[in-house]
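Student: Make a model of this:
(one chain, ligands or ions: 1)
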Amino acid sequence: MADDNDPKAPTDTPSHEHAVTQDADAWSVFVDANEYSILGFLQMCIERRFHLAVQERFRLETKLAETDYWMHTGVGGSPKMETQTHMEAPIYCYGQGARIMGWSAHGSKCGGFRPGTPDTEILKALKETLNRNAKRYPDARHLGLFAKEGEHAGDVEILVIQPDPVAAED
Ligand SMILES: [Zn+2]
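Tutor: Okay, here's the model as predicted:
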């Protein structure tokens with residue numbers, strides 16, 4: 001009779017601790033660790049030239065996977081998306097657990113701003129929106145992404161900005 005308690009017995013069979021009950025009809029649940037990873041939210045202009053580059057940079061900065069964040073687009077990007085209607089999406093996603101929130105806009109002509117608006121003005125508007133949103137959603141990490149055309153045709157340059165530190169409220 002073999003000694004089941006022999007400490008030298010082969011242990012090459014990994015022990016799987018499945019959470020399966022003895023009831024054959026019961027559901028078994030296999031926990032996907034990814035379901036517990038942090039979630040994000042990214043808001044941007046609808047502009048075709050920049051949405052891919054903005055997403056790529058957002059993922060690079062946050063380490064989020066493609067399915068780990070909600071996306072919200074509107075004309076003019078975040079500076080033009082502070083109306084009550086536009087705020088439904090970020091409020092919903094924040095409520096659902098979004099804890100990294102990206103706010104963006106772009107220069108090199110944006111249909112959400114009057115013709116001729118300089119990039120510096122749009123960037124300033126984004127910075128102000130970023131600061132307001134950091135206060136609106138205090139439990140999330142926030143970053144701003146400003147996109148513009150690069151030196152060569154098709155190039156996209158993206159500037160990442162951080163919100164100003166939120167002053168402690170008395
Ligand atoms: Zn735009």
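
Student: what about Tyr94, helix or strand, and which?
Tutor: Element membership for Tyr94, per DSSP states H and E: helix 88-95.

Student: Which positions within that helix qualify as buried?
Tutor: 89-90, 93-94 (16 or more other CB atoms under 10 Å). Yep, even glycine has a C-beta here, placed from its N, CA and C like the rest.

Student: The residue sitting nearest the centre point of the chain: what secondary structure?
Tutor: The structure's the chain has its C-alpha centroid closest to Gly40; by CA atoms, centre = their mean the separation is 3.0 Å. Taken by DSSP: H, G, I helix; E, B strand; the rest coil, the conformation at Gly40 corresponds to strand.

Student: What parts of this protein come near the ion?
Tutor: By the rule CB under 5 Å from the ion, the part of the chain lying against the ion is 45, 47, 110, 112.

Student: helix, strand or coil for the last one?
Tutor: So that's Gly112. Remark: Gly112 carries the secondary structure label coil [criterion: three-state DSSP].

Student: Need the residues that contact the helix or strand harbouring Phe58.
Tutor: Under the criterion DSSP H and E, the helix or strand holding Phe58 is helix 51-62. Among residues not part of helix 51-62, those counted as contacts by CB atoms under 8 Å, 6 or more residues apart in numbering are 40, 42, 44-45, 64-66, 69, 71, 73, 100, 102, 104, 106, 143, 145, 147, 156, 158, 160.

Student: go with 7 Å
Tutor: Applying CB atoms under 7 Å, 6 or more residues apart in numbering, the set of residues contacting helix 51-62 from outside is 40, 42, 44, 73, 100, 102, 104, 143, 145, 147, 156, 158, 160.

Student: Of those, keep whichever come out buried.
Tutor: With neighbours counted using 16+ other CB under 10 Å, the contacts of helix 51-62 contain these buried positions: 40, 42, 44, 73, 100, 102, 104, 143, 145, 147, 156, 158.
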